[in-house]
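In: model the following, please.
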Amino acid sequence: MSNPWGEEQPFTISLDGAQWAYGTPLADVKRLAAHWKDGFDWRASETRINALPMYTRDIEVDGFGTLNVHYLHQRSKVKNRFLAVLHGWPGHFLEVEKMLPLLTTASSDQPSFHVVAPSLPNFGFSEGVKKPGFHEQHYIEVLHKVMLSLGYEEYVYQGGDWGHVLGASLVTRYGVKHVKAWHTNLPIMEPPKLFSNPILYLEMIFKLPFDQVAKQRLAHLHKHVTTGRGYMLEQATKPQTVGYGVTDSPVGLLGWVYEKLVGWTDAYPWTDDEVLEWVSLHWIYYELSRGGTSSFGGQGDKWMPIPLGVSYFPKEIFQFPYSWSHQLGKYVYAGYHDKGGHFAAFEQPEALAGDLRNMYKKGGLRMGWSREKRFTYDRLLKRMKQK
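Out: This is a model prediction of the structure:
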């Protein structure tokens, strides 16, 4: 069968004026694919990446044998807290790269961390799982065993996207004894219920209709759920079907991931090299959602009595009323930001690292709810009116 578009057109067709409405624009994919083929210097990226303190370790996983797990491990020059940082989708361990010098540098007035950033199994340089059934509890088992193998019996945690979901499960299973505090930049939770959270429930019923900030956040969430979640349903239910396209075709993978890099960030000025390096390291996965049968929050949606900090970025895809974060744990710190999206560690490393330093500095875990909260709603409302 002949190619109806001729030998010079290996790509899909594009609708005039569609821009991003139907997904990644054809012109962008053509430009990136051409640069990937003839201009992108993977060896330069490889040299920079190899200069990072990376390691691999065999981890025994219950029911799955031994997996070779890749992780980044940057030690601070001072003895301080041990921080595990976990990426999400479509991310990888390099999301933490820009924050490493910020988190590990010694300071007289700010805490410093030993940072461990693993690649989840099926991602990057970690070994892939060979049989179905690798779920949440197995991912957090891997992370916890990596930390124990490094001698970190007690540690704190940070994550966004699936890093949040796994963090909530990690805290539920290993909190108090091992995980001493945690931080998320993508707080996800169910609406409060009358008997489990009566005050938040009554606030939702009687106060929410008049809370312009909360309504704006829920409208943002609704837009994402109704128009931007198709990828998740496909990957969570029939991943092998889409897998043929994104594993057989580099251009297919490029189009699949690039859409999220642009759509989920806050006007981040991606360079073509940044995009191509990101895509080159990427791999999609399936089992976290148990084949589409579990809630996005997973088994970890349980209040735990260890300190919790949250960072809020305006272009994050999942947005809930700020007060609902109290359902996740002992809410001690909140950071509000004017710019940033889903890949906060990559887009706004200074802001996210700043929140972690502020949360864990002397007295930070004892301050209760951030004192800035009472000013924040007024500030946001004023900003909305100005727009």
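
In: okay, residue 299: pLDDT?
Out: Looking at residue 299, its pLDDT stands at 46.

In: ditto for residue 131
Out: Residue 131 is given a pLDDT of 88.

In: show me what contacts it?
Out: By C-beta atoms under 8 Å, 6 or more residues apart in numbering, the residues touching residue 131 are residue 64. All C-beta atoms are positioned from the backbone trio N, CA, C, and that covers glycine.

In: if you set the cut-off to 7 Å instead, what comes out?
Out: Residue 131 makes contact with no residue, according to C-beta atoms under 7 Å, 6 or more residues apart in numbering.

In: and if you look at residue 98?
Out: Counting by C-beta under 7 Å, 6+ apart, residue 98 touches 345-346, 349.

In: switch to 6 Å and redo it
Out: Residue 98 is in contact with residue 349, counting by C-beta atoms under 6 Å, 6 or more residues apart in numbering.

In: quick one: it is in a helix?
Out: Yes: applying DSSP: H, G, I helix; E, B strand; the rest coil, one finds residue 98 inside a helix.

In: check it and give its pLDDT.
Out: Residue 98 carries a pLDDT score of 97 in this model.

In: check the one 10 residues further on too.
Out: We have a pLDDT of 78 for residue 108.

In: can you count the residues close to it?
Out: 4 (other C-beta atoms under 10 Å).

In: give me the three-state assignment for it.
Out: Classified using three-state DSSP, residue 108 is coil.

In: gap between it and residue 78?
Out: Relative to residue 78, residue 108 is positioned 10 Å away (C-beta to C-beta, to the nearest Å).

In: now do residue 350
Out: Taken as C-beta to C-beta, the span from residue 350 to residue 78 is 20 Å.

In: and these two? Which one has more around it.
Out: Neighbours of residue 350 and residue 78, each counted by other C-beta under 10 Å, are more numerous for residue 78; the result is 13 against 10.

In: so which bits of stretch 48-65 are buried?
Out: By neighbour count with 16 or more other C-beta atoms under 10 Å, stretch 48-65 contains the buried residues 49, 54, 57, 59, 61, 64.

In: dump the residue contacts of the fifth one.
Out: So that's residue 61. Neighbours of residue 61 in contact, by C-beta under 6 Å, 6+ apart: 67, 138, 141.

In: recalculate using a threshold of 7 Å.
Out: 67, 138, 141-142.

In: coming back round to it: out of the buried residues of stretch 48-65, flag the one nearest to residue 261.
Out: Nearest to residue 261 among the buried residues of stretch 48-65: residue 49, at 18.2 Å, using C-beta to C-beta.

In: for the closest one, helix, strand, or coil?
Out: Following three-state DSSP, we place residue 49 in the helix state.

In: same deal with residue 123?
Out: coil.

In: OK, contacts around residue 230?
Out: Residue 230 touches nothing, counting by C-beta under 7 Å, 6+ apart.

In: same question for residue 204.
Out: So residue 204 contacts 191-192 (C-beta under 7 Å, 6+ apart).

In: all strands for the stretch 1-150 of the chain, in order.
Out: Applying DSSP state E, counting those that start in this stretch to the stretch 1-150 of the chain gives strands spanning 54-61, 65-74, 81-86, 113-118.

In: mean pLDDT for those strands: which is lowest?
Out: Looking at these, the bottom one is strand 81-86 with a mean of 86.

In: please export the C-alpha coordinates of it as CSV.
Out: Coordinates of the C-alpha atoms in strand 81-86 are reproduced here as CSV (Å, rounded to 0.1, in the frame of the first residue of the first chain):
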residue,chain,number,x,y,z
ARG,A,81,18.3,15.2,57.8
PHE,A,82,18.2,12.4,55.2
LEU,A,83,15.8,13.3,52.4
ALA,A,84,14.2,10.9,49.9
VAL,A,85,12.8,12.5,46.8
LEU,A,86,10.6,10.6,44.4
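
In: please shift the residue numbers so they start at 40 in all later answers.
Out: Happy to do that; since the first residue is 40 now, the last one works out to strand 120-125.

In: adjacent strands (with direction) for that strand?
Out: Pairing partners of strand 120-125, with direction, according to DSSP bridges: strand 152-157 (parallel), strand 194-198 (parallel).

In: show residues contacting it.
Out: Against strand 120-125 from outside (C-beta under 7 Å, 6+ apart): 135, 142, 150, 152-157, 182, 186, 191, 194-198, 202, 205-206, 399.

In: list the buried residues of that strand.
Out: Buried-residue list, strand 120-125, by 16+ other C-beta under 10 Å: 120-125.

In: okay, now the unreliable bits of the stretch 40-189 of the chain?
Out: 40-51 (pLDDT under 70).

In: equivalent analysis for the stretch 190-339 of the chain, please.
Out: 322-339.

In: can you give me the strands in it?
Out: Per DSSP E, counting those that start in this stretch, the stretch 190-339 of the chain carries strands over the ranges 194-198, 218-223.

In: mean neighbour count, the strands paired with strand 120-125: which tops it?
Out: strand 194-198 (a mean of 26; mean count of other C-beta atoms under 10 Å).
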